[in-house]
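Peer 1: predicted model, plus sequence, below.
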Amino acid sequence: MVRCRKLETDVDRIEKREFVAELSAVFAETSMVVVTRNAGMTVAEVTDLRRKMRAAGASFKVAKNRLALLALDGTRFDGLAPLLKGPTAMSWSKDPVAVAKAAVDFAKTNDKFVLIGGALGTQLLDVAGVKALAELPSLDSLRAKLLGLLNAPATKVAGVLQAPAGQLARVFAAYADASKSEAA
């Protein structure tokens, strides 16, 4: 019996170390982390939240605060430590607007899901900061607008450059028609 408990304890420790290492790697790669409180959410609600986060390109994880604190230690997000009290969860994404938008949108529809704060790199954000970030256009829409701005002038320049050539071709055609009618 004692041997079985020791084996379970060793497995638990290994799993916890792997979890902390995995979460630390996530914090090294991501640009935005949102901390939330999710007390009383049903399994169906959490599943729905995860689906919406995934659709936005973000991830959602409920973690024991002690393990999350170990994972945060030494990363640029270690300022989030004071927020990790009680039943908390974290969401993250490389696109800061996507994770903020997904969290804020879900919080509007579910009163059990409460925003606590977040961090954009080393910059800590309160709830108002996360909500303000959620109001910004996403990275993909900003890229599309930028490409639209870049393409629009190029199209206009091409049109302007082609217009004189077209006018010149019409003048030459008219001159050629006039020459033919004079020669005839």
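Peer 2: Structure's in. What do you need?

Peer 1: what distance do you get for A39 to G74?
Peer 2: The span separating A39 from G74 equals 29 Å under the rule CB to CB, to the nearest Å. Where C-beta positions appear, they are placed from N, C-alpha and C, glycine not excepted.

Peer 1: could you do P137 as well?
Peer 2: Distance, P137 to G74, using CB to CB: 33 Å.

Peer 1: and if you look at L133?
Peer 2: As it turns out, when the distance is counted by CB to CB, L133 lies 25 Å from G74.

Peer 1: out of these two, which sits in the more crowded spot?
Peer 2: Taking other CB atoms under 10 Å, L133 and G74 do not tie; L133 has more neighbours (20 against 11).

Peer 1: okay, buried residues for the helix or strand containing the more buried one please.
Peer 2: Take DSSP states H and E as the rule and L133 turns out to sit in helix 127-135. By neighbour count with 16 or more other CB atoms under 10 Å, helix 127-135 contains the buried residues 129-131, 133-134.

Peer 1: can I get these in TSV including pLDDT?
Peer 2: Compiled in TSV, the buried residues of helix 127-135 are given as follows (pLDDT from 0 to 100):
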residue	pLDDT
G129	88
V130	89
K131	90
L133	86
A134	86
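
Peer 1: how about the strands of the chain, start to end?
Peer 2: 32-37, 59-62, 88-93, 114-120, 123-125 (DSSP state E).

Peer 1: direction included, what does the fourth one pair up with?
Peer 2: Looking back up the chat, that one is strand 114-120. Applying DSSP bridges, strand 114-120 is found paired with strand 32-37 (antiparallel), strand 123-125 (antiparallel).

Peer 1: extract the CA atoms of the first one and return them as PDB.
Peer 2: To tie it back to what came earlier, the one meant is strand 32-37. Backbone C-alpha positions of strand 32-37 (Å, rounded to 0.1, in the frame of the first residue of the first chain) are rendered in PDB as follows:
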ATOM      1  CA  MET A  32      -1.000  38.500 -24.100                       C
ATOM      2  CA  VAL A  33      -2.400  36.700 -21.000                       C
ATOM      3  CA  VAL A  34      -5.900  37.400 -19.600                       C
ATOM      4  CA  VAL A  35      -6.700  36.200 -16.000                       C
ATOM      5  CA  THR A  36     -10.300  35.400 -15.200                       C
ATOM      6  CA  ARG A  37     -12.400  34.000 -12.400                       C
END
